[in-house]
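**Q** mind looking at a prediction? Sequence and model below.
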Amino acid sequence: MREVLDAASLVETDTREGLIVLDGPAPLLRDGAHFHAYLPWVIIDEAVGAGKLKETIEEDVFRASLEDHWGVLGLLAHRNQLWVFAPSRHRPFLKAASRSWSHLEAAGPRYTAHFLEAVVAGPLHK
C-alpha cells in the first residue's frame, strides 16, 4: 500500500498523538491531528467513479492493502466495505486481517468512527 500512496507523506502512528479514524468526515474531530485510516480508499473510489482512474486499479490497490497492517485497517472501515464485498476477496481479506490484528490491537485505545472517544481493537478469536 505504501507504494500506492506518497511514502513521503506517511506518518507512523506510534510517534504521534491522535485518534485513528475509521469513518468520516466527523465534525467532532475537526480539532487536532488525527489519522484518517479510511480515506485513501474513498479517494480512489471517487477517482474511479469520476473516470480519473481506470477501474482495473482497484484490484491492485486491494491486493496491496492486504500486504500492510494499515491497508487492512483501511479495508475494515465502514465506508470501504465494498472493497471486500466480492466473494473472491473474503478469504484473502480475512487471512490478512488475522495476520494484522495483533499489530492493530497494539495501537491501544485510539480507534474511533465519529467521536472523540476511542476504543481498542479487541482480541481476535480464532
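**A** Received, thanks.
**Q** which elements pack onto the helix or strand containing H103?
**A** For H103, the enclosing helix or strand under DSSP states H and E is helix 87-105. Helix 87-105 sits against helix 57-66, helix 69-76, with contacts defined as 3 or more CB pairs under 8 Å, 6 or more residues apart in numbering; DSSP states H and E. C-beta here means a position set from N, CA and C on the backbone, and glycine is covered the same way.
**Q** which of the ones you listed is buried the deepest?
**A** Highest mean neighbour count among the helices and strands packed on helix 87-105 (mean count of other CB atoms under 10 Å): helix 69-76, with a mean of 23.
**Q** now what about that helix, what contacts it?
**A** Helix 69-76 is contacted from outside by 1, 20, 22, 37-41, 62, 64-66, 80, 83-84, 93, 96-97, 99-100, 103-104, using CB atoms under 8 Å, 6 or more residues apart in numbering.
**Q** now do it against helix 57-66, angle only.
**A** With axes from the mean of the first three to the mean of the last three CA atoms, to 10 degrees as the basis, helix 69-76 and helix 57-66 are set at 120 degrees to each other.
**Q** shaky segments in this structure?
**A** 1-15, 27-30, 114-126 (pLDDT under 70).
**Q** CA atoms only for the helix holding H103, dumped as CSV, please.
**A** Output of helix 87-105 as CSV, limited to C-alpha atoms (Å, rounded to 0.1, in the frame of the first residue of the first chain):
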residue,chain,number,x,y,z
PRO,A,87,-16.8,-13.3,-2.5
SER,A,88,-13.4,-13.9,-4.1
ARG,A,89,-12.0,-11.3,-1.7
HIS,A,90,-13.4,-12.7,1.5
ARG,A,91,-10.8,-15.3,2.3
PRO,A,92,-7.7,-13.2,1.3
PHE,A,93,-9.1,-10.3,3.4
LEU,A,94,-9.8,-12.5,6.5
LYS,A,95,-6.3,-14.0,6.3
ALA,A,96,-4.7,-10.6,6.1
ALA,A,97,-6.9,-9.3,9.0
SER,A,98,-5.9,-12.3,11.1
ARG,A,99,-2.2,-11.6,10.4
SER,A,100,-2.5,-7.9,11.1
TRP,A,101,-4.8,-8.0,14.1
SER,A,102,-2.1,-8.1,16.9
HIS,A,103,-0.4,-5.1,15.3
LEU,A,104,-3.6,-3.1,15.1
GLU,A,105,-4.6,-4.1,18.7
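**Q** appreciated, that's everything.
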